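Trainee: predicted model and sequence follow; I will ask about them next.
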Amino acid sequence: LESFYKTLKVIGHLTVHDDGTLTEKAYSIIKRLFPSAKIVNVNDFLKEHDSELRLYPTLHEFRKIFKPFQSKKLLDVYFKRQGEVILYLDSDLLWFQSSPEICEAVIRQARHVSYMMSNGTERVHVTFKDGTRTSDAIAEYNSGVTLFHSANYNLDELTAYINRCDYMGRKFTDQACFGSILKYVTILPRDKYFIKGKISDTTIMRHYTGPTREKFYFYGLDRIHKVI
């Protein structure tokens, strides 16, 4: 987050979704470093949005019984949004310079653009209940960075997608879901936003997934230790 704040020229509202693991000390650190941040406890979500979710029984059931983070990412952030342009950021990203694509979309409140990043050479497929699976194009989408206008996110289409999934018995990913239901999705420039690759003068962001997580801390602490 600190690398994002230091590099991006446009900053929106920050909402942190607590999955129940944040301690009182963590709360105090977040509020000290990001005083304008809103912290949302996901345990209160179903109670607070019960009447809205009951209009979508499939989504209500999905959020109620599917405990992994993907159900919160697909529903909680949308319902708790503080603006109409929503930007999801994974917690293992480092930003090296400002993103013109994100800044422009936020400034213009763009209705006809959605962004995701690429999985690189990897394809993350989802197999549906009828045995079919996602296309290679959908399987390229990575949701480490996902930006869209709320008008491009349709709860009826999300319902239809969830109904196709045996989410309790097969591998379920939010990135294939976002890639399938969002309108106007464009992949951010692959050479500037990536998972695997060498940092250069043109790198905007690198996503440090599992195998390279140690580098996230090495590079990240080096970039922010003087600030914090």
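Mentor: Sure, I can see it. Residues are numbered from 1 along each chain as shown.
Trainee: which parts of this structure are strands?
Mentor: Using DSSP state E, the strands of the chain run over 15-18, 38-41, 85-89, 93-95, 114-118, 141-149, 185-187, 193-194, 205-207.
Trainee: flag the shaky bits of this protein, pLDDT-wise.
Mentor: 227-228 (pLDDT under 70).
Trainee: spit out the contact partners of the closest residue to Asn119 other than its chain neighbours.
Mentor: Excluding the flanking residues, the one nearest Asn119 by C-beta to C-beta, 6 or more residues apart in numbering is Asn142, at 4.5 Å. Placement of C-beta: from N, CA and C, glycine included. Asn142 is in contact with 116-119, 124, 175, 195, 207, counting by C-beta atoms under 8 Å, 6 or more residues apart in numbering.
Trainee: what's the closest of those residues to Pro35?
Mentor: The nearest member of those to Pro35, counting by C-beta to C-beta, is His207 at 27.1 Å.
Trainee: please tell me how far that closest one sits from Lys183.
Mentor: Going from His207 to Lys183 by C-beta to C-beta, to the nearest Å gives 24 Å.
Trainee: more neighbours: the two, which one.
Mentor: Neighbour comparison, His207 and Lys183: the larger count goes to His207, with 22 against 15 (by other C-beta atoms under 10 Å).
Trainee: so what's the more buried one up against?
Mentor: By C-beta under 8 Å, 6+ apart, the neighbours of His207 are 90, 92-93, 117, 142, 144-145, 193-195.
Trainee: spatially central residue in this protein, please.
Mentor: Tyr88 (3.3 Å; C-alpha atoms, centre = their mean).
Trainee: any idea how far Tyr153 is from the residue nearest to that residue when sequence neighbours are not counted?
Mentor: Nearest non-adjacent residue to Tyr88, counting by C-beta to C-beta, 6+ apart: Thr146, 4.2 Å away. Distance from Thr146 to Tyr153, counting by C-beta to C-beta: 10 Å.
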